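Student: 3D model of this:
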Amino acid sequence: MRKIRMRGAALFALSSRAGWSALCGVLILSGMSVSCSDDPKAAPTKSEVTLDPNLYTVEHAELFQLATVGTRDLPTVLNANGSVTPDVNSTIHVTSQSSGRVVALNVRLGDYVTKGKVLVSIHSADLAGAFSDYQKAAADERLAKASLDRTQLLYSHGAVAEKDLQQAQDAEEKAQVDLQNAEQHVRILGGDPAHPGSLIELRAPVSGTIVEQNVSGFEGIKSLDNSPSLLTIADLSHVWVLCDVYENDLGDVHLGDTAEIRLNAYPEKTFHGRVADISRVLDANTRSAKVRIVLPNGDGSFRPGMFSVATFRSRRTQSRVVVPATAVIRLQDKDWVFRKDGAQQFRRIEVHTGGEVSDQMQQIREGVKPGEQIVANALEFSSAVAEQGK
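Tutor: Just a heads-up that it's a prediction; the model follows:
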């Protein structure tokens, strides 16, 4: 317990034996153990002083305004770290169906592209081979068609049997199937049957932003089975904010709950959204689940990879302990309040705070109970005690 400084005039009693005895009695009442001998020259044999650093005694306690710890029905508030990511439902991976070598790269990471724009030009031997097969199939189909026409003419004059006509018709049908397959193969590889060549032009299937690039100029392209996507296009008109919520906090987050998003890039702004999905699978390493918030991004403020902090507020309310925000003081990386423990005594209590609520009130998770009296202005009280201790 911290006490007011003892006045020096009380020490005059040390000059006489009676005064020595009186002082011994005072020390015993104050909790100090000494040896009270009749000999004024005898030294104390033991001295123990028990001090409570969190208990303060003040002379004029009435000068400090008090506040009563109260309660309010408040939603559960939870903060979680996350990052901005593209909406996977609006993300397209651009790949090459054949191997080859890049001869022109027309876009870079971060570029905005419109649908149909040529992204990459690739020289492909696979496409050249596909065109060769297509041209052969076209020649065979023309030959089969001519043979069928001749057989039909002969059959109409009774020059050939019906069996010969059926064989010619079968050959024509097979030639058409082969031609269709060869044409489809050319189109799959990125070619145009009307313009034979070995150059593949990969075009943007949708409008959007290049959010991933895995190719550079004049680089060799592997086959599809062992090569990543060359480019990734995402529509960033709306984005996801994916947050990691630990398993012991999952009970406080529900679908449809409101969420406030803050970004390091825009510390003065607060964005609002709602919980759209909660992962049903936990990360084995972090023991957390991904919580998804969908946000509109018409002005492009949100960019993939941005760090964010999400504050979730549940729709259900619970009774929470609240105190005036001025009653809480931050000392040594901890939060404290000063509780009235007697007529002139106040005890410093460590508290665990929650989110700040309206009317400049602070939510308290642990430390004080409703109905207790605390100092309304903790900073003023702390300064006064510091001055008294000098």
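Student: For the closest residue in space to residue 68 that isn't next to it in sequence, give me its contacts.
Tutor: Closest residue to residue 68 apart from its sequence neighbours, by CB to CB, 6 or more residues apart in numbering: residue 373 at 6.1 Å. C-beta here means a position set from N, CA and C on the backbone, and glycine is covered the same way. Residues near residue 373 by CB atoms under 8 Å, 6 or more residues apart in numbering: 66, 67, 68, 69, 339, 340.
Student: burial count for the first one?
Tutor: Using other CB atoms under 10 Å, residue 66 has 17 neighbouring residues.
Student: Now it: closest residue in space that isn't a chain neighbour?
Tutor: That would be residue 373: by CB to CB, 6+ apart, it lies 4.8 Å from residue 66.
Student: what's the pLDDT at the one you found?
Tutor: Looking at residue 373, its pLDDT stands at 95.
Student: Quickly note the distance from it to residue 208.
Tutor: Counting by CB to CB, to the nearest Å, the gap from residue 373 to residue 208 is 61 Å.
Student: gap between the residue nearest the centre of the chain and residue 91?
Tutor: Geometric centre of the chain, nearest residue: residue 82, 0.6 Å, by CA atoms, centre = their mean. Counting by CB to CB, the separation of residue 82 from residue 91 is 18 Å.
Student: Okay, and which of the contacts of residue 373 map to helices?
Tutor: The helices, defined by DSSP state H, take in nothing from those.
Student: Buried ones among these?
Tutor: 66, 67, 69, 339, 340 (16 or more other CB atoms under 10 Å).
Student: Reformat these as JSON lines; add pLDDT.
Tutor: Conversion of those to JSON lines gives the following (pLDDT from 0 to 100):
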{"residue": "66", "pLDDT": "95"}
{"residue": "67", "pLDDT": "96"}
{"residue": "69", "pLDDT": "96"}
{"residue": "339", "pLDDT": "96"}
{"residue": "340", "pLDDT": "94"}
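Student: about what we covered before: quick check: the residue nearest to residue 68 vs residue 59, distance?
Tutor: 18 Å.
Student: again, but for residue 330
Tutor: Remark: distance between residue 330 and residue 59 (CB to CB) = 27 Å.
Student: try residue 189
Tutor: Going from residue 189 to residue 59 by CB to CB gives 92 Å.
Student: More neighbours: these two, which one.
Tutor: A side-by-side neighbour count of residue 189 and residue 59, using other CB under 10 Å, places residue 189 first with 21 against 9.
Student: What's the first helix or strand after the helix or strand where residue 180 lies?
Tutor: Per DSSP states H and E: residue 180 is located in helix 162-188. Moving toward the C-terminus from helix 162-188, the next helix or strand (DSSP H and E) is strand 199-203.
Student: elements contacting that next one?
Tutor: Counting contacts by 3 or more CB pairs under 8 Å, 6 or more residues apart in numbering; DSSP states H and E, strand 199-203 packs against strand 118-123.
Student: strands paired with the strand it packs on, and their directions?
Tutor: strand 100-105 (antiparallel), strand 199-203 (antiparallel) (DSSP bridges).
Student: tell me the SS of residue 151?
Tutor: Assigned by DSSP: H, G, I helix; E, B strand; the rest coil, the conformation of residue 151 is helix.
Student: how much space between the spatially closest residue to it that is not a sequence neighbour and residue 300?
Tutor: Spatially, and ignoring its direct neighbours in sequence, residue 151 is nearest to residue 168 (3.9 Å; CB to CB, 6+ apart). Between residue 168 and residue 300 the distance, using CB to CB, works out to 64 Å.
Student: Domain boundaries for the chain, per the record?
Tutor: Domain ranges of the chain: 8-51, 61-72+318-388, 79-89+235-316, 91-123+201-234, 125-197, per automatic domain parsing.
Student: And these, which one averages the lowest pLDDT?
Tutor: domain 8-51 - the lowest mean pLDDT of the domains of the chain, at a mean of 39.
Student: Would you mark the buried spots in stretch 153-164?
Tutor: Residues of stretch 153-164 classed as buried by neighbour count (16+ other CB under 10 Å): 155, 160.
Student: That one spans what distance, first to last residue?
Tutor: Stretch 153-164 stretches 12 Å from its first residue to its last (CA to CA, to the nearest Å).
Student: Could I get the full set of helices for this protein?
Tutor: Using DSSP H, helices in the chain cover 17-29, 125-156, 162-188, 378-388.
Student: and those helices as a markdown table, adding distance to residue 274?
Tutor: Converted to a markdown table, the helices of the chain look like this (distance: least, CB to CB, whole Å):
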| stretch | distance to residue 274 |
| --- | --- |
| helix 17-29 | 65 |
| helix 125-156 | 48 |
| helix 162-188 | 42 |
| helix 378-388 | 37 |
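Student: I'd like to know which of those is closest to residue 269.
Tutor: helix 378-388 (29.4 Å; CB to CB).
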